[in-house]
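Undergrad: quick one, structure for this:
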Amino acid sequence: MVATARQEADTLKKEIGQLKKKLKDEEKEKAEAQTEVKEKEDNLRNSVKALLAVDIPANTIGKPPADSAADAIYFAVDSGELVRVLL
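TA: Below is the predicted model of the structure:
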């Protein structure tokens, strides 16, 4: 009976150790993911700021752009209110 209780206690200690390690690993992964999210949000914010800082000729406003870079700028200008919310 004592041997069984000791064996059970050892098993439980081992399981607790494994769970603590798993929790520590998950916390590390969460911290890394939060850092990555922050970096990507910062990159997005900087990209939006760069798009807003681009000087668009007056004659192109209201006209569909001809290339993909202009598409991005046109979209940013048209959705200015949404972009400003991100800032």
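Undergrad: now the strands: where do they sit in the protein?
TA: Along the chain, no segments are classed as strands by DSSP state E.
Undergrad: which neighbouring elements make contact with the longest helix seen in it?
TA: Using DSSP state H, we find that the single longest helix of the chain is helix 2-53. If contacts are counted by 3 or more CB pairs under 8 Å, 6 or more residues apart in numbering; DSSP states H and E, helix 2-53 sits against helix 68-78, helix 80-86. Yep, even glycine has a C-beta here, placed from its N, CA and C like the rest.
Undergrad: and these, which one averages the lowest pLDDT?
TA: Note on the helices and strands packed on helix 2-53: lowest mean pLDDT is at helix 80-86, with a mean of 60.
Undergrad: ok, residue 11 to residue 22 distance?
TA: Between residue 11 and residue 22 the computed distance is 16 Å (CB to CB, to the nearest Å).
Undergrad: pLDDT on stretch 25-39, on average?
TA: 95.
Undergrad: now that stretch: buried residues?
TA: For stretch 25-39, the neighbour count (16 or more other CB atoms under 10 Å) marks no residue as buried.
Undergrad: would you put the C-alpha positions of that stretch in PDB?
TA: Output of stretch 25-39 as PDB, limited to C-alpha atoms (Å, rounded to 0.1, in the frame of the first residue of the first chain):
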ATOM      1  CA  ASP A  25       6.600  26.700 -23.400                       C
ATOM      2  CA  GLU A  26       3.100  28.000 -24.200                       C
ATOM      3  CA  GLU A  27       3.800  31.300 -22.400                       C
ATOM      4  CA  LYS A  28       7.000  31.700 -24.300                       C
ATOM      5  CA  GLU A  29       5.200  31.000 -27.600                       C
ATOM      6  CA  LYS A  30       2.500  33.500 -26.700                       C
ATOM      7  CA  ALA A  31       5.100  36.200 -25.900                       C
ATOM      8  CA  GLU A  32       6.800  35.500 -29.200                       C
ATOM      9  CA  ALA A  33       3.500  35.700 -31.100                       C
ATOM     10  CA  GLN A  34       2.600  39.000 -29.300                       C
ATOM     11  CA  THR A  35       6.000  40.400 -30.300                       C
ATOM     12  CA  GLU A  36       5.500  39.300 -33.900                       C
ATOM     13  CA  VAL A  37       2.000  40.900 -34.000                       C
ATOM     14  CA  LYS A  38       3.300  44.100 -32.600                       C
ATOM     15  CA  GLU A  39       6.100  44.200 -35.300                       C
END
